[in-house]
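Undergrad: What follows is a predicted structure for the sequence shown.
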Amino acid sequence: MELQCFQITMHKGWALLEMARPDKLNVIDETVLTELEAILQHFKEEQVKAVVVTGQGRAFAAGADVGAMAEMDSQEAKQFSVLGNKVFQAIEDHPAVFVAAVNGYALGGGCELALACDLRLASEKATFAQPEINLGIIPGFGGTQRLPRIAGAAKAKEWIFTGRRFSAQEALQAGVVSQVLAPEELLPAAAALAEELAGKSGPILTLAKRAIAASGTGVSPSHGEQEANFFGKCLSTEDGREGLRAFVEKRDPVFKDR
Ligand code: COA
């Protein structure tokens, strides 16, 4: 597979999937999402049982590409959100178990990618946030659906309404991650977990994953569709346009409540 944005290392029964644009803090744009969709299909064909997802450099992923979003109209923004939701839903529906190894910034779409994975381990250096509110938008890749299911509605509302950052320890306390590790221990721990999973029966792991999703923890495509509608609406407001433009122009936004 020829890849621009990711690097894959295959192991027996499991794969390491690294976001490989550290100079761009692994920001998520349409190319990343399209490539990820193809990778997920490839892992299905290869009958991979577990996948460790991590980011090269100091970020897991610093979010969706704000520069690209600043150029979108409302309809294009909705389509971007539909695509992000579809690809992250494909992780949730994938037969393999996904383990996010959150090494650094997991902001916006980066946090949502980690939330779409089945399990999350974090480095002590990891920083999480859904900071979209400060850009005049809302999470658009499933965050409004998965964060409340994982952390509970109260914490999810606090984090989504304020956009404030939360540490690996706070993520642990809220059940967003299951372990916090020293930076050098993160990948070895994630690899050991993936190896353990790869030693199980693949079809039975998949049935366990599906059964847990059916218990109400899962997100359905219609949830994603609703989020995408609201996400698109943000870009039809003056504040949405201002928030994204302000980030690109490296200044604070001036919101006018319209
Ligand atoms: N989209 C587009 N570009 C981004 C980005 C994003 N989400 N996050 C970072 N970048 C770019 C920066 O604009 C900067 O580009 P430049 O070198 O051309 O100026 C580069 O990545 C490095 O980021 P910088 O802000 O200089 O590094 P930092 O160490 O001071 O801060 C972050 C790192 C991640 C805290 C900061 O970049 C940030 O807050 N990013 C936005 C996070 C966000 O709101 N994500 C949600 C989007 S929905």
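TA: It's in. Remember, it's a predicted structure, so these values are computed and weren't measured experimentally.
Undergrad: and residue 141, what does it touch?
TA: With contact taken as CB atoms under 8 Å, 6 or more residues apart in numbering, residue 141 is in contact with 28, 64, 81, 84-85, 88, 109, 112-113, 116. Using the backbone N, CA and C atoms, a C-beta is placed for each residue, glycine as well.
Undergrad: of those, list those near the ligand.
TA: Cross-checking the contacts of residue 141 against the ligand (CB under 6 Å from any ligand atom) gives 64, 109 as the overlapping residues.
Undergrad: Just the contacts of residue 141: which are in helices?
TA: Applying DSSP state H to the contacts of residue 141, the entries found in helices are 81, 84-85, 88, 109, 112-113, 116.
Undergrad: before we move on, the earlier item: so which of the contacts of residue 141 wins on neighbours?
TA: Looking at these with neighbours defined as other CB atoms under 10 Å, the largest count falls to residue 113 at 31 neighbours.
Undergrad: Let me know the distance separating that residue from residue 204.
TA: Counting by CB to CB, to the nearest Å, the gap between residue 113 and residue 204 amounts to 26 Å.
Undergrad: For the residue lying closest to residue 40 once chain neighbours are set aside, report the pLDDT, please.
TA: Nearest non-adjacent residue to residue 40, counting by CB to CB, 6 or more residues apart in numbering: residue 90, 5.1 Å away. In this model, residue 90 is scored at 97, pLDDT.
Undergrad: In this structure residue 90 contacts residue 37, no?
TA: Yes: with contacts defined as CB atoms under 8 Å, residue 90 counts as touching residue 37 at a distance of 6.5 Å.
Undergrad: Report all helices and strands that the helix or strand hosting the residue nearest to residue 40 contacts.
TA: Residue 90 belongs to helix 74-92 when elements are defined using DSSP states H and E. Based on contacts counted as 3 or more CB pairs under 8 Å, 6 or more residues apart in numbering; DSSP states H and E, the elements that helix 74-92 packs against are helix 30-45, helix 66-70, helix 109-116, helix 221-234.
Undergrad: Quick one: closest of the ones you listed to residue 246.
TA: Of all the helices and strands packed on helix 74-92, it is helix 66-70 that lies closest to residue 246, at 9.2 Å by CB to CB.
Undergrad: Tell me what angle the helix or strand of the chain with the lowest mean pLDDT forms with helix 74-92.
TA: Considering only helices and strands, the least confidently modelled element of the chain by mean pLDDT, DSSP states H and E is helix 221-234, at a mean of 94. When axes from the mean of the first three to the mean of the last three CA atoms, to 10 degrees is applied, the directions of helix 221-234 and helix 74-92 differ by 150 degrees.
Undergrad: Show me what helix 221-234 packs onto, helices and strands only.
TA: If contacts are counted by 3+ CB pairs under 8 Å, 6+ apart, helix 221-234 sits against helix 74-92, helix 143-151.
Undergrad: so what's the backbone phi/psi at residue 106?
TA: With angles defined as degrees, to the nearest 10, residue 106 shows backbone torsions of phi -120, psi 90.
Undergrad: Give me every residue in the chain that's in contact range of the ligand.
TA: Taking CB under 6 Å from any ligand atom as the criterion, the chain approaches the ligand at residues 25, 27, 62-67, 105, 107-109, 131-132, 135.
Undergrad: Going by neighbour count, which of those residues are buried?
TA: When the residues of the chain next to the ligand are checked for burial by 16 or more other CB atoms under 10 Å, the buried set is 25, 27, 62-66, 105, 107-109, 131-132, 135.
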